[in-house]
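Trainee: Let me see the structure of the following:
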Amino acid sequence: MTGAGDSTSIRVLIVDDQAMVREGFSVLLNAMPDIEVIGEAVNGRQAVAQVAALRPDVVLMDIRMPELNGIEATREIVAADSDAKVLVLTTFDLDEYVYQALRAGASGFLLKDASARQLADGVRVVAAGEALLAPTVTRRLITEFSRISTSPRLPAMAQIGDLTERETEVLVLIAQGLSNAEIASHLVVAESTIKTHVSRILVKLGLRDRTQAAVFAYEARLVTPG
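Mentor: As a prediction, the model looks like this:
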């Protein structure tokens, strides 16, 4: 049974130009009691329209699509709705386009060959407002492409100067993939204190979420490869 009609269900829009991929993900997610697939789109342009019409909790977004690719679609979606949550789908992990999608506002990414459990867990994490940053491969992706990026964040150092020493420390731990609870444990403070720090970091740096904060930290060289 799907979660149709259940207001507590996580409402998902699947965006991919391959029908088999859309159907496969739809079957897997609708089998979950707390997730409901509410629509599909075959390209980025259709995705932007569907998000505006359906207001999904999470968008599963392919990158390589006709008419409007996933990067540009993600950028348009988050520009129109700062609360929009996009989870990018890719066929291989070290994908420069995934990195660009993270910079555009995606909350994380999943490989298309992810298991049903990984797919559902990814949707739940992003729906809850967390960044899908914990896997080592995500940090490797950000590290690799921030290092070779031809468009570094020039105001980065000036913006970092606006952060307190503790906020800078929290930013580095975010980039390393730690959750609020893990950061709180590491710094021996209350989790609510970390949430406050994270909120202030995002405001001071003009960032929308933890994923963009992690990308920023790598591009500003606060976190280095290795």
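
Trainee: CA atoms for contacts and neighbours, from now on please.
Mentor: Noted.

Trainee: Pull the lengthiest helix in the chain out as CSV, backbone CA atoms only.
Mentor: Among the elements of the chain assigned as helix by DSSP state H, the one spanning the most residues is helix 191-205. Provided in CSV are the C-alpha atoms of helix 191-205 (Å, rounded to 0.1, in the frame of the first residue of the first chain):
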residue,chain,number,x,y,z
GLU,A,191,22.6,19.9,20.2
SER,A,192,20.3,23.0,20.4
THR,A,193,23.5,25.1,20.6
ILE,A,194,24.8,23.5,17.4
LYS,A,195,21.5,24.2,15.6
THR,A,196,21.8,27.8,16.5
HIS,A,197,25.4,27.9,15.2
VAL,A,198,24.4,26.3,12.0
SER,A,199,21.5,28.8,11.5
ARG,A,200,23.9,31.7,12.0
ILE,A,201,26.5,30.3,9.7
LEU,A,202,23.9,30.0,6.9
VAL,A,203,22.7,33.5,7.4
LYS,A,204,26.2,35.0,7.6
LEU,A,205,27.4,33.2,4.5
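
Trainee: Show me what whichever helix or strand comes after it is packed against.
Mentor: Moving toward the C-terminus from helix 191-205, the next helix or strand (DSSP states H and E) is helix 210-219. Judged by 3 or more Cα pairs under 8 Å, 6 or more residues apart in numbering; DSSP states H and E, helix 210-219 is in contact with helix 96-104, helix 136-147, helix 165-175, helix 191-205.

Trainee: Pull out the buried residues from the first one.
Mentor: Going back to what we said before, that points to helix 96-104. Buried residues in helix 96-104, counted by 16 or more other Cα atoms under 10 Å: 97-104.

Trainee: want to throw these into CSV with pLDDT and distance to residue 186?
Mentor: Output for the buried residues of helix 96-104, formatted as CSV (pLDDT from 0 to 100; distance: Cα to Cα, whole Å):
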residue, pLDDT, distance to residue 186
97, 81, 33
98, 79, 29
99, 80, 28
100, 83, 30
101, 84, 30
102, 84, 26
103, 83, 27
104, 87, 30
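
Trainee: Of those, which is the nearest to residue 13?
Mentor: residue 101 (17.1 Å; Cα to Cα).

Trainee: Please name the nearest non-neighbouring residue to that closest one.
Mentor: residue 71 (4.8 Å; Cα to Cα, 6 or more residues apart in numbering).

Trainee: thinking the one you found is in contact with residue 100, fair?
Mentor: Yes. Between residue 71 and residue 100 there is a contact under Cα atoms under 8 Å: 6.7 Å.
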